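*Asks:* Here is my input; please provide its structure:
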Amino acid sequence: MCDPVTLTAVSSGMSYLGGTSMLAGTSIGTGLINASTFINSSSSIFKASQAVTGVLSSPIASIGLSAMQGRQSGEADLQAAQNARLQQQQARDNADRERLKYRSEELERRKKYISDLSSSRALMAKYGYTAQSPSANALLRKNRETYMLDQNAIRMTGIDQVLAQERSAQTFGEEAKQLTKRGKRAPLNATLKGISDNFKTFRETAATKLLK
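*Replies:* As a prediction, this is how the structure comes out:
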């Protein structure tokens, strides 16, 4: 006797296979769907077991199970693809935030430089220094060099962060594409593999019988 889990799996596989483009409308496809319906509507696990006993060992049941497993695998891949797309969008958002962050820091550093320059000029004027004096000129030049180094550091660090997030977004995007492609093909691939495996078993069995 088959347990409820096995019956459910076989029923789902038979129903799915019977409705595929290969078997839909054919006598085999209709038979599979009818058998699946009977299993689902049976009031007794014993009755359902009797309905399935005759086909459990047949290639059709095996192919049906393969189709069901392929569908489940495909659905898992498609869900993983959706998660990857969400991560891709999150990485893009992070890249935008990093870009705004370093540009804001650049602006703040520029404001500070301008403010410091204004204060330095006011202080030089107070004590009678001009921009042409060696000491004043050296101070202004040093302040500008420091400002340029700071700006460069801010920009390079910010760009590195942006590029890192953009690379992550690209990786998640490629992953989503591959998972989507694999997920869409999984049911058909599993069904074709089930057919191939059963045909191989059939040939091996036939060859063994001929040798006896």
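*Asks:* contacts and neighbour counts: CA atoms only from here.
*Replies:* Noted.
*Asks:* where along this protein do the helices fall?
*Replies:* Remark: helices assigned in the chain by DSSP state H are 4-18, 27-41, 45-56, 59-126, 134-211.
*Asks:* helices and strands around the last one, which ones?
*Replies:* Taking 3 or more CA pairs under 8 Å, 6 or more residues apart in numbering; DSSP states H and E as the contact definition, the neighbouring helices and strands of helix 134-211 are helix 59-126.
*Asks:* Let me see the mean pLDDT of the helix it packs on.
*Replies:* Here helix 59-126 scores 88 as its mean pLDDT.
*Asks:* Stretch 130-137 too?
*Replies:* In this model, stretch 130-137 has an average pLDDT of 78.
*Asks:* contact partners of it?
*Replies:* For stretch 130-137, contacts defined as CA atoms under 8 Å, 6 or more residues apart in numbering pick out 124, 129.
*Asks:* buried set for that stretch?
*Replies:* Buried residues in stretch 130-137, counting neighbours by 16 or more other CA atoms under 10 Å, are found at residue 136.
*Asks:* cool, stretch 117-128 as well?
*Replies:* Using 16+ other CA under 10 Å as the test for burial, stretch 117-128 gives 117, 120.
*Asks:* got the CA positions of that stretch in PDB?
*Replies:* Output for stretch 117-128, consisting of C-alpha atoms alone and laid out as PDB, is shown next (Å, rounded to 0.1, in the frame of the first residue of the first chain):
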ATOM      1  CA  LEU A 117      40.500  80.800   2.500                       C
ATOM      2  CA  SER A 118      38.200  83.700   3.400                       C
ATOM      3  CA  SER A 119      39.400  83.600   7.100                       C
ATOM      4  CA  SER A 120      43.000  83.400   6.000                       C
ATOM      5  CA  ARG A 121      42.700  86.400   3.800                       C
ATOM      6  CA  ALA A 122      41.000  88.400   6.500                       C
ATOM      7  CA  LEU A 123      43.700  87.400   9.000                       C
ATOM      8  CA  MET A 124      46.500  88.400   6.500                       C
ATOM      9  CA  ALA A 125      44.800  91.800   5.900                       C
ATOM     10  CA  LYS A 126      44.500  92.400   9.600                       C
ATOM     11  CA  TYR A 127      48.300  92.000  10.000                       C
ATOM     12  CA  GLY A 128      49.200  93.700   6.800                       C
END
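*Asks:* Need the residues that contact that stretch.
*Replies:* For stretch 117-128, the external contacting residues (CA under 8 Å, 6+ apart) are 130, 136, 140, 143.
*Asks:* repeat that for 10 Å
*Replies:* Outside stretch 117-128, the residues within contact range by CA atoms under 10 Å, 6 or more residues apart in numbering are 111-114, 116, 129-131, 133, 136, 139-140, 143-144.
*Asks:* Among these, find me the one that's closest to residue 194.
*Replies:* Using CA to CA, residue 111 is the member of the contacts of stretch 117-128 that sits closest to residue 194, with 69.8 Å.
*Asks:* Let's see the pLDDT reported for residue 211.
*Replies:* Listed pLDDT for residue 211 reads 57.
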